[in-house]
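1. From the sequence below, what's the structure:
(chains A and B)
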Amino acid sequence: MTTTTTTDLAATTLLRFATAGSVDDGKSTLVGRLLHDSKSVLADQLEAVERASASRGQQAPDLALLTDGLRAEREQGITIDVAYRYFATPRRRFILADTPGHVQYTRNMVTGASTAELTVILVDARNGVVEQTRRHAAIAALLRVPHVVLAVNKMDLVDYRESVFAAIAEEFTAYATELGVPEVTAIPISALVGDNVVEPSATMDWYGGPTVLEHLETVPVSHDLAHCHARLPVQYVIRPQTAEHPDYRGYAGQIAAGSFRVGDEVTVLPSGRTTRISGIDLLGEPVDVAWTTQSVTVLLQDDIDVSRGDLMVPSKDAPATTQDVEATVCHVADQPLTVGHRVLLKHGTRTVKAIVKDIPSRLTLDDLSLHPHPGQLVANDIGRVKIRTAEPLPVDSYADSRRTGSFILIDPSDGTTLTAGMVGESFASPVPVKDAADEDGWDF
Amino acid sequence: MTTVAKTKAGDEGTGSPYALSHLDALESEAVHIFREVAGEFENPVILFSGGKDSIVMLHLALKAFRPAAVPFSLLHVDTGHNFPEVLDYRDRTVAGHGLRLHVASVQDYIDRGVLKERADGTRNPLQTLPLTEKIQSERFDAVFGGGRRDEEKARAKERVFSLRDEFSQWDPRRQRPELWNLYNGRHAPGEHVRVFPLSNWTELDVWQYIAREGIELPGIYYAHTREVFRRDGMWLTAGDWGGPKDDEAVEKRLVRYRTVGDMSCTGAVDSDADTIEKVITEIAASRLTERGATRADDKLSEAAMEDRKREGYF
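-> Coordinates of the predicted model:
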């Protein structure tokens, strides 16, 4: 009986998701409600929160104290940084990137969304879709988060009216679809009271959809591998050179996209040498086929030169290599990014020297308008950049592969992570959403 | 041919036969982190205490480089108040895998007069100096720790790659954003990076993985009869470290440990879980976090962990 429990729990899948919401939308309450109602807040944690709340003279336990972990955060009553939370149901495990909603929202939301399969965007039912909502939708679209949930919160304050929810859901979905967000699920909730978060609402019988948790539990987490370009960034060469394995030479890495099979003809980039896969070891055990995001070791038929930083791809589906990368970036550091800036660019497992050749435009997320040639990007700015790299890189479009279409820029002098980059077009939308100041033809 | 069964693909509700189970996803991510460090650093070391998290961490490192050896050495900070079963486990593991073990000894520092015994007898906070000095003297540039973000609210803010300055200090306000799986390990000479491959694991994940992989643990993790006494709401083991006091009565109880640390501040819990299946059932039903249940050092103040981490603690 206990054995069954173990097996059942071990067979669940993992969903990474992020929350987005401004200070007053009730994000902390939603997170607190999700953790609390899924019984993920344990007695000693709750006790600590009650103790801390009481010592501050607060009447009720402040659930935000569950999530604000740093001294400065508690002192100032703000959330400074992304925190990661963990909870589970019998169906699935969750990693929640809990991103703060204050001024530094953009880089924090980009950080959280970069690994997320789903984003929950909160809206206050009384205010509807506001600037901040459009900003969150735009970031989710830029980061190509596959699933977006619109949580229309505080339904208790609008008498649980269906018309209020329907109008907000319709406006948001139209906007998000225009940005190319593939899927929007709108859910009317009251995080404070608990309607449709974990438990279905007793008040909104007009709503027939899932609760937030139910949706999180059932949303599909994997892409259709048949349509993915297979990609393996080589991390490390495994050469035991022991009596037992004198000739073993394996190329270790985590499959970034698609699948590889023994016998596949593969090309190693940027050299362009071609051979066949003679074996795949999945952490020490041979397998016939392996897929994203498994960490594997690939053995090749011919003894060709392969090292850390190379990208292994199917010969029939190789990306072009280039030294000129055009991308949408989010600047995440306090020091600005300027034209002429010499940087390091980390793409997959390869880090190369690079120079910022041009910053053609900066995007204003509020209205998606473009400011041409801003000269620099400062913290939280999103813009287009052209980068020249010292060596050719096999980059995919971020639209095709979030793993091999992304990169970071690093300051070579002090190692600061400067910028998050996404190669290729910004939004999936075929037409520019808004063309204010869009005179130079940049496709935002 | 063995692939599908091995990875437990085909979870219901995902719509994809290629979805990894949560344990496979966590394992794959941890292995990726080990290999990144092996590829980018000169002299990494794994902090190994003989506790379950560091045991799982070592197991993952062994899998990451098969059939080659682990390209890292181990470092144990010995408080001088360790459980003998754990030291025995440590030495057997090191010998069994042909690894190299560095030991930083708190007792040495006390004997030399560099550190002073605290009034409350706990040596946990005393570990920081021996640890950081060993990192400096051996010039370790990457230090793997078994810390998990689910353990504690300051740790929930921790990056997978966490830069420490030449004094090993952590500054939570100056952390590098971590985007996708592109970890930034750049550091200046004298600085090092703390690396947490188990960041995204929970206590239950660790136990389920131990069960799945059949990993051996020190016996104190399973229910056994032990002489203990009550202090600050925890069952502590009597020993040379300074317990019990005159008014603290020793009794025999059926207990087990959820964490393993210094004997002076690691409490046992009443439990009859003497197999891994029973442990998992117990953890899944527990209403207390492992630290809340068994660690006195975290109760010193609301920000005890953050304050220690700032100074260089794991």
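
2. can you give me the strands for the stretch 151-300 of chain A?
-> If DSSP state E, counting those that start in this stretch is used as the criterion, the strands of the stretch 151-300 of chain A fall at A:184-188, A:232-233, A:236-238, A:250-254, A:259-261, A:265-269, A:273-282, A:285-287, A:289-291, A:295-300.

3. How about the stretch 1-150 of chain B?
-> Under DSSP E, counting those that start in this stretch, the stretch 1-150 of chain B gives strands at B:44-47, B:73-78, B:101-105, B:142-144.

4. Tell me where the chain is predicted with low confidence.
-> Defaulting to chain A. Residues of chain A meeting the criterion pLDDT under 70: A:1-11, A:23, A:42, A:60-80, A:101-104, A:222-227, A:429-444.

5. my bad, chain B
-> The model of chain B has pLDDT under 70 over residues B:1-16, B:289-314.

6. Tell me which stretches of it form helices.
-> B:3-7, B:22-40, B:52-64, B:84-96, B:106-111, B:128-137, B:203-213, B:276-285, B:290-294, B:304-311 (DSSP state H).

7. Which one of those lies nearest to chain A?
-> Within those, the stretch nearest chain A is helix B:290-294; the backing value is 2.9 Å (C-beta to the nearest C-beta). Just so you know, the C-beta spots here come from the backbone N, C-alpha and C atoms, and that holds for glycine as well.

8. Out of the strands of the stretch 1-150 of chain B, indicate the one that is most buried.
-> strand B:142-144 (a mean of 26; mean count of other C-beta atoms under 10 Å in any protein chain shown).

9. Show residues contacting that one.
-> By C-beta atoms under 8 Å, 6 or more residues apart in numbering or on different chains, the residues outside strand B:142-144 that reach it are B:34, B:37, B:40-41, B:43-47, B:57, B:61, B:72, B:75, B:135, B:185, B:192-197.

10. Recalculate using a threshold of 7 Å.
-> B:37, B:41, B:44-47, B:57, B:135, B:185, B:192-195, B:197 (C-beta atoms under 7 Å, 6 or more residues apart in numbering or on different chains).

11. Please name the bridge partners of B:Val193.
-> Judged by DSSP bridges, the bridge partners of B:Val193 are B:Ala142, B:Leu163.

12. Tell me if I'm right that it and B:Leu163 touch.
-> Yes. With contacts counted by C-beta atoms under 7 Å, B:Val193 reaches B:Leu163, the gap being 5.7 Å.

13. What residues does the stretch 301-444 of chain A have near chain B?
-> A:308, A:332, A:346, A:349, A:402-403, A:406-408, A:410, A:415-417, A:420 (C-beta under 7 Å from any C-beta of the partner chain).

14. from the residues you listed, which two are the most distant?
-> For those, the maximum inter-member distance is 25.1 Å, found between A:Arg308 and A:Val332 (C-beta to C-beta).

15. Compare these two (neighbour count), which wins?
-> A:Val332 (25 against 21; other C-beta atoms under 10 Å in any protein chain shown).

16. Give me the distance between that one and A:Arg107.
-> Separation of A:Val332 from A:Arg107 (C-beta to C-beta, to the nearest Å): 4 Å.

17. so what sits against both of those two?
-> Here A:Val332 and A:Arg107 have A:379, B:177 as joint contacts, going by C-beta under 7 Å, 6+ apart.

18. Could you pull up phi and psi at A:Ile189?
-> Main-chain torsions, A:Ile189, degrees, to the nearest 10: phi -140, psi 170.

19. How about it, nearest residue that isn't a chain neighbour?
-> Spatial nearest neighbour of A:Ile189, excluding adjacent residues (C-beta to C-beta, 6 or more residues apart in numbering or on different chains): A:Asn196 at 4.5 Å.

20. In contact with the one you found, which residues are there?
-> A:187-189, A:204, A:207, A:211-212.

21. before we move on, what about A:Thr99?
-> Listed by C-beta under 7 Å, 6+ apart, the contact partners of A:Thr99 are A:18-20, A:82, A:108-109, A:112.

22. before we move on, what about B:Asp262?
-> B:Asp262 makes contacts with B:79, B:81, B:122-124, as judged by C-beta under 7 Å, 6+ apart.

23. So B:Pro71 sits against B:Phe65, correct?
-> Yes. Using C-beta under 7 Å, B:Pro71 makes contact with B:Phe65 at a distance of 6.4 Å.

24. So which of those two has more stuff around it?
-> Shown here are B:Pro71 and B:Phe65; by other C-beta under 10 Å, B:Phe65 has more neighbours (23 against 17).

25. is it true that the more buried one touches B:Phe72?
-> No. Using C-beta under 7 Å, B:Phe65 is not in contact with B:Phe72, being 9.1 Å away.

26. Tell me which helix or strand the residue of the stretch 301-444 of chain A found nearest chain B sits in.
-> Nearest residue of the stretch 301-444 of chain A to chain B: A:Gly415, at 3.0 Å (C-beta to the nearest C-beta). Following DSSP states H and E, there is no helix or strand that holds A:Gly415.

27. And it, its phi and psi?
-> Note on A:Gly415: backbone dihedrals following degrees, to the nearest 10 are phi 80, psi 0.

28. I'd like to know how many residues surround it.
-> 17.

29. contact partners of the helix or strand containing A:Gly421?
-> Element membership for A:Gly421, per DSSP H and E: strand A:417-423. Contacts to strand A:417-423, defined as C-beta under 7 Å, 6+ apart, come from residues A:110, A:114, A:142, A:325, A:327-333, A:337, A:343, A:395-398, A:405-411, B:176-177, B:179, B:184.

30. now stretch B:106-124
-> Residues outside stretch B:106-124 that contact it (C-beta under 7 Å, 6+ apart): B:78-81, B:126-127, B:129-130, B:241-242, B:261-262, B:264-265, B:296-297.

31. Closest to B:Trp207 out of these?
-> For the contacts of stretch B:106-124, the residue nearest B:Trp207 by C-beta to C-beta is B:Gly261; the value is 17.5 Å.

32. Leaving out chain neighbours, which residue sits closest to that closest one?
-> Closest residue to B:Gly261 apart from its sequence neighbours, by C-beta to C-beta, 6+ apart: B:Asn124 at 6.3 Å.

33. buried set for stretch B:118-125?
-> B:121-125 (16 or more other C-beta atoms under 10 Å in any protein chain shown).

34. So for that stretch, first residue to last residue, what's the gap.
-> This stretch, stretch B:118-125, spans 9 Å end to end (C-alpha to C-alpha, to the nearest Å).

35. contacting residues for B:Lys183?
-> Slight slip there: residue B:183 is Tyr, not Lys. Neighbouring residues of B:Tyr183 by C-beta under 7 Å, 6+ apart: B:36, B:160-161.

36. A:Thr203 reaches A:Glu162, doesn't it?
-> No. Between A:Thr203 and A:Glu162 there is no contact under C-beta under 7 Å: 11.0 Å.

37. need the helices for the stretch 251-400 of chain A, in chain order.
-> Applying DSSP state H, counting those that start in this stretch to the stretch 251-400 of chain A gives no helices.

38. quick revisit: buried subset of the contacts of strand A:417-423 as a PyMOL selection?
-> To isolate the buried ones among these in PyMOL, judged by 16+ other C-beta under 10 Å, type:
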select buried, (chain A and resi 110+114+142+325+327+328+329+330+331+332+333+337+343+395+396+398+405+406+407+408+409+410+411) or (chain B and resi 176+177+179+184)
